[in-house]
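Trainee: Okay, here's the prediction I keep looking at, along with the sequence it came from:
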Amino acid sequence: MAAQFVPYTPDVEDDDPHFDQNLQTVIKKTESYIAESVEAGGTGRALRDAHAKGYGLVRGEVEILDGLPPEYAQGIYATPGTHDALIRFSNGSPHAGADARLGTATGLALKIFGIAGPTLLEDEPDTGTFDYANINAPIFFCNTVEHYLFIQELFLNAPAYFSQGRSGAHRFFADFVTGKGTLAQDNWAWDEFLAFVRLSKIPPVNVLLSSYWTMGAVRHGDYIAKVRIAPAPHFAAAVVRRAIDPTSAQEVFRPALQAELQERPYAFDIQVQLCTDLERMPVEDTTVEWPEQLSPFVTVARLRLPQQDISGPENLEKMDSLSFTPWRVTAEHAPLGNIMRARKEVYRHSSIARHKLNQQPRTEPRSADEVAGHRGNSAQ
C-alpha cells in the first residue's frame with residue numbers, strides 16, 4: 001500500500017533564486033499595512049494583514065485516533081491520545097467591518113496543546129503547541145512570492161477599487177491578471193485569477209459547516225499531504241442556523257456560531273490526503289485541487305467542540321491576543337512550497353508588529369486553560 005504514495009524528499013520543492021529578495025518586500029508591505037491599520041482599519045487597533053476579523057475563540061479537544069494505517073500514523077498522528085485545543089474562526093479578508101463587505105472566505109486556525117518535540121520556529125521551539133491555519137477552499141490564489149507582491153497590494157487596496165463600481169472592479173480584475181501591467185502576456189496570472197474567482201463564489205454558510213484545508217502541501221512524516229478539517233456529518237446535520245445572509249445585519253457569522261455552540265456540542269474530522277502523483281497533485285501550484293479519486297481523505301483525528309458560551313467581549317480580546325502560524329509544527333509536518341515558506345516569516349513579522357502596536361504581550365500559551373478557563377461538556 002505504501003508504494004503508491006510519493007515519498008517526501010527535499011527536492012519536491014522548487015528553488016526560487018529571487019525568493020529572499022521578494023520575501024523582504026512582502027514583509028515590509030505587511031508591516032506597513034499593519035501600522036496604518038491602527039488609523040485606517042476602523043477599530044483603533046492594529047489588524048492582522050489577513051483574517052483580520054475573528055468570529056470567535058472556541059475551546060476544543062483533539063483526539064488522535066488509534067489503529068491508523070502506518071502511512072497515516074505519521075508524526076504527531078503516530079501517538080493516539082487526547083489534547084486540549086483552541087480554535088479561532090475568522091474571515092479571510094485583511095479588512096474589518098460589516099460581514100457583507102468582507103466576502104465569504106473564512107478560516108479555521110487550530111492550536112493543539114501538549115505536543116512533544118521542537119517546533120520549526122527558531123524563536124519559540126519548545127512551546128508544546130502545534131498549529132493549523134486553514135481556509136475554506138482546497139485551492140489558493142497565489143503560486144509564487146513574486147506574484148504575491150502585487151496580489152497582496154490588490155487585496156489591501158480592494159475597497160478603493162470596488163468603491164468605484166463596475167469600472168473599479170474591471171480595473172481590479174485587469175491589474176490582477178496582468179500583475180498591474182508587469183507581466184508579459186504569455187505569463188498573465190490566469191490560473192491564479194481563476195482560483196480567486198472560484199474562492200469569491202463560495203456560498204455563505206455557518207462557519208461550522210465549512211471544510212478547511214491547508215493552503216498548500218505539508219510534509220506528513222515520510223510522505224506529502226494536504227490536511228482538511230471537515231464537519232463530522234452527524235454534528236453537521238444538527239446545525240440549525242445553516243445558510244447565512246450577510247446583507248441581513250452587520251454581524252451574521254459570529255451570532256450564528258455563538259448560538260449553535262450555546263445549544264449543542266460540535267465536532268470536525270481532521271483528515272489527511274496523501275500525494276500519489278506529483279504532476280496531478282503538485283506541491284508548488286496551489287491553484288490545483290488534488291483529485292480525491294487519486295487519493296481520498298482519511299480521518300486521523302477528531303476535533304471536538306464542547307457546548308460553550310463565546311458571547312462575551314473577553315472572548316474577542318483573548319482571541320485577538322493569540323498568534324497562529326502553519327510553521328508552529330514539528331519537522332515531520334513542515335509546510336512545503338515557496339508560498340508556504342513565505343508564510344513563515346510573514347506571519348512572524350506580522351505577529352510581532354501587531355502585538356507591539358496593540359501593547360499586547362506576545363507569549364505562546366502553555367495550556368488552553370491559561371487562555372479560555374475551565375472545560376465545558378465535551379462533544380460525543
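Mentor: Received, thanks.
Trainee: And the nearest residue to residue 290 once chain neighbours are set aside, how close does it get to residue 331?
Mentor: Nearest residue to residue 290, sequence neighbours excluded (CB to CB, 6 or more residues apart in numbering): residue 281, at 4.3 Å. C-beta coordinates here come from the backbone N, C-alpha and C atoms, glycine included. Relative to residue 331, residue 281 is positioned 22 Å away (CB to CB, to the nearest Å).
Trainee: The two: who's more crowded?
Mentor: residue 281 (22 against 12; other CB atoms under 10 Å).
Trainee: looking at this, that one is in a strand?
Mentor: No - going by DSSP: H, G, I helix; E, B strand; the rest coil, the assignment for residue 281 is coil, not a strand.
Trainee: Which neighbouring elements make contact with the longest helix along the chain?
Mentor: Counting by DSSP state H, the longest helix found in the chain is helix 19-40. When contacts are defined as 3 or more CB pairs under 8 Å, 6 or more residues apart in numbering; DSSP states H and E, helix 19-40 sits against helix 145-156, helix 338-357.
Trainee: With mean neighbour count and distance to residue 174 as added columns, please give those helices in JSON lines.
Mentor: JSON lines is the format used below for the helices and strands packed on helix 19-40 (neighbours: other CB atoms under 10 Å; distance: least, CB to CB, whole Å):
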{"stretch": "helix 145-156", "mean neighbour count": "20", "distance to residue 174": "11"}
{"stretch": "helix 338-357", "mean neighbour count": "20", "distance to residue 174": "23"}
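Trainee: Quickly, which of these bottoms out on average pLDDT?
Mentor: Lowest mean pLDDT within these: helix 145-156, a mean of 91.
Trainee: Can you tell me what sits against that one?
Mentor: With contacts defined as CB atoms under 8 Å, 6 or more residues apart in numbering, helix 145-156 is touched by 16, 18-19, 22-23, 25-26, 29-30, 33, 49, 93-94, 141-142, 161, 172, 175-176, 179-180, 182, 189, 192, 338-339, 342.
Trainee: Stretch 289-298 too?
Mentor: In contact with stretch 289-298 (CB under 8 Å, 6+ apart) are residues 5, 68-69, 72, 138-139, 226, 228, 230, 271-277, 280-281.
Trainee: List only those of those residues flagged as buried.
Mentor: Buried positions within these, assessed by neighbour count (16 or more other CB atoms under 10 Å), are 5, 68, 72, 138-139, 226, 228, 230, 271-276, 281.
Trainee: quick revisit: drop anything exposed from the contacts of helix 145-156.
Mentor: Judged by 16+ other CB under 10 Å, buried ones among the contacts of helix 145-156: 16, 19, 22-23, 26, 29-30, 33, 49, 93-94, 141-142, 161, 172, 175-176, 179, 189, 192, 338-339, 342.
Trainee: burial of residue 132, as a residue count?
Mentor: 27.
Trainee: would it count as being in a strand?
Mentor: Yes - counting by three-state DSSP, one finds residue 132 located in a strand.
Trainee: right, and it touches residue 213 too?
Mentor: No - counting by CB atoms under 8 Å, residue 132 stays clear of residue 213, with 9.7 Å between them.
Trainee: between these two, what contacts are shared?
Mentor: 227, 229.
Trainee: For the stretch 201-350 of the chain, just list every one of the strands.
Mentor: Secondary structure of the stretch 201-350 of the chain (DSSP state E, counting those that start in this stretch): strands at 212-213, 218-220, 223-231, 266-274, 298-305.
Trainee: Make a markdown table out of those strands and add distance to residue 364 and mean pLDDT.
Mentor: Formatted as a markdown table, the strands of the stretch 201-350 of the chain follow (distance: least, CB to CB, whole Å; pLDDT from 0 to 100):
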| stretch | distance to residue 364 | mean pLDDT |
| --- | --- | --- |
| strand 212-213 | 22 | 98 |
| strand 218-220 | 20 | 98 |
| strand 223-231 | 21 | 98 |
| strand 266-274 | 21 | 98 |
| strand 298-305 | 20 | 98 |
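Trainee: among these, which is nearest residue 76?
Mentor: strand 298-305 (8.8 Å; CB to CB).
Trainee: Residue 222: which of the helices and strands packed on helix 19-40 is closest?
Mentor: helix 338-357 (18.7 Å).
Trainee: angle of the closest one against helix 145-156?
Mentor: On the basis of axes from the mean of the first three to the mean of the last three CA atoms, to 10 degrees, helix 338-357 is oriented at 50 degrees to helix 145-156.
Trainee: how about the very next helix or strand once past helix 338-357: buried residues?
Mentor: As assigned by DSSP states H and E, the chain's next helix or strand after helix 338-357 is helix 368-372. For helix 368-372, the neighbour count (16+ other CB under 10 Å) marks 368, 371-372 as buried.
Trainee: for stretch 327-338, same thing?
Mentor: 327-330, 332-338.
Trainee: Pull the number of nearby residues for the closest residue to residue 319 other than its chain neighbours.
Mentor: Leaving out its chain neighbours, the residue that sits closest to residue 319 by CB to CB, 6+ apart is residue 57, at 3.6 Å. For residue 57, the count of nearby residues is 23 (other CB under 10 Å).
Trainee: again, but for residue 174
Mentor: 12.
Trainee: can you tell me which residues contact residue 324?
Mentor: Taking CB under 8 Å, 6+ apart as the criterion, residue 324 is in contact with 88, 109-111, 131-133, 347.
Trainee: Next, give me the two most distant ones among those residues.
Mentor: Every pair of the contacts of residue 324 checked by CB to CB; the farthest is 110 and 347, at 14.7 Å.
Trainee: picking up where we left off before, out of the buried residues of stretch 327-338, which comes closest to residue 124?
Mentor: Within the buried residues of stretch 327-338, proximity to residue 124 (CB to CB) peaks at residue 328, which comes in at 7.6 Å.
Trainee: Which residue is the nearest non-sequential neighbour of the closest one?
Mentor: residue 131 (4.1 Å).
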